[in-house]
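Asks: Fold the following and give me the result.
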Amino acid sequence: MSYTQRVVALDIRGILGNISPTKILYETLIGSSTEYDKYLQHFVGLLQNGLLRPNLDKILGTLQLWKQQGRIDSVDIFTTEFNTNNWIVFLVECLEIYANTPKLFNRIISGEECQIILNNSGKYLLKDLSRLSNNRNQVVIIQGKPEYIVNGLVIAIPDYNGDIYFKQFKNYIITNLDVESTEADKFLSKYIEENLNKQQYNEDYNEEVISDIIYQLKTIFPSPNATSDDINL
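Replies: Just a heads-up that it's a prediction; the model follows:
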């Protein structure tokens with residue numbers, strides 16, 4: 001079996017931030033239907049209305065440029081989130097539209113494909129990066145929680161729990177997705193409950209996080225031209 005050597009993998013929950021409301025909406029509106037293309041632009045709008053980690057497009061744009069330059073070979077999604085009703089596939093399409101990076105992602109490995117490991121604390125899902133590359137020094141995952149990752153490098157990214165613009169988000173789903181006001185309140189209340197005790201980070205802090213991730217990626221995959229810069233931060 002051949003492997004792509006230079007790989008950057010992204011963990012969905014780690015890089016995105018606030019995906020819970022969007023997932024709930026997806027499950028409610030689309031369910032088991034495969035006719036979800038019409039929702040793509042609307043869900044991109046939802047992601048842009050306070051649900052995405054700010055400046056995420058800088059990372060995705062950088063990776064797209066590096067693929068075009070031949071600096072890396074593949075950008076993959078490796079997540080323990082389950083791809084129920086093609087949820088992860090749908091979200092990846094939304095990300096490519098949001099960042100204007102068509103066909104950025106090569107592979108998706110979701111929770112259904114992760115190895116289950118049992119220990120004294122219970123069971124967990126293992127991410128084995130050798131599935132992406134046989135060179136452990138040339139495969140890296142950007143991951144919120146770096147535990148249970150083997151055979152590769154990890155760039156740890158802190159949780160992003162920035163304030164969601166609740167009123168704007170509510171108005172958007174009522175206007176564009178034919179959701180009743182009471183239903184919108186249910187979506188938001190569930191999100192608030194899940195995130196009530198999480199630490200909040202401001203956008204200046206997150207800008208530093210994004211810049212640091214790109215810097216670390218540059219040290220792992222240096223430019224063939226040491227005097228050139230790939231992105232203006």
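
Asks: for the helix of greatest length in the chain, what is the average pLDDT?
Replies: Looking across the chain with DSSP state H, the single longest helix is helix 203-220. Here helix 203-220 scores 85 as its mean pLDDT.

Asks: now swap in stretch 153-169 and tell me
Replies: 72.

Asks: tell me the SS of residue 102?
Replies: The three-state label given to residue 102 by DSSP: H, G, I helix; E, B strand; the rest coil is coil.

Asks: What residue, apart from its backbone neighbours, is nearest it spatially?
Replies: Residue nearest to residue 102 in three dimensions, not counting chain neighbours: residue 96, with 5.6 Å by CB to CB, 6 or more residues apart in numbering. Just so you know, the C-beta spots here come from the backbone N, C-alpha and C atoms, and that holds for glycine as well.

Asks: go on, residue 43?
Replies: residue 94 is the one closest to residue 43 (CB to CB, 6+ apart), at 5.1 Å.

Asks: likewise residue 137?
Replies: residue 153 (6.9 Å).

Asks: Any figure for the gap between that neighbour and residue 144?
Replies: 15 Å (CB to CB, to the nearest Å).

Asks: Run a quick check on the residue nearest to residue 43 versus residue 45, I expect a contact.
Replies: No: at 9.6 Å, residue 94 does not count as touching residue 45 under the criterion of CB atoms under 8 Å.

Asks: The two - which one has more neighbours?
Replies: residue 94 (24 against 17; other CB atoms under 10 Å).

Asks: and the more buried one, helix, strand or coil?
Replies: Assignment for residue 94 (three-state DSSP): helix.

Asks: Tell me the pLDDT of it.
Replies: So residue 94 comes in at 89 (pLDDT).

Asks: And residue 229, by the same measure?
Replies: On the pLDDT scale, residue 229 gets 51.

Asks: Quick one: the strands in the chain, in order.
Replies: Taking DSSP state E as the test, the strands found in the chain are 7-10, 74-78, 107-109, 115-119, 122-128, 139-143, 149-150, 153-156.

Asks: Give me the contacts around stretch 137-151.
Replies: Residues from elsewhere that reach stretch 137-151 (CB atoms under 8 Å, 6 or more residues apart in numbering): 5-11, 13-15, 59, 78, 117, 124-130, 132-133, 136, 152-159, 213, 217, 220-221.

Asks: Next, the buried residues of stretch 131-151.
Replies: For stretch 131-151, burial by neighbour count (16 or more other CB atoms under 10 Å) applies to 131-133, 135, 138-144, 146, 149.

Asks: With respect to pLDDT, which of the residues you listed ranks lowest?
Replies: Minimum pLDDT across the buried residues of stretch 131-151 falls on residue 146, with 78.

Asks: thinking again about what came up before, I'd like to know which of the strands of the chain has the weakest mean confidence.
Replies: strand 115-119 (a mean of 81).

Asks: Which strands border that strand, and is each parallel or antiparallel?
Replies: strand 122-128 (antiparallel) (DSSP bridges).

Asks: Next, count neighbours for the nearest residue to residue 210 once chain neighbours are set aside.
Replies: Closest residue to residue 210 apart from its sequence neighbours, by CB to CB, 6+ apart: residue 55 at 4.6 Å. Neighbours of residue 55 under the rule other CB under 10 Å: 15.

Asks: Done for today, thanks.
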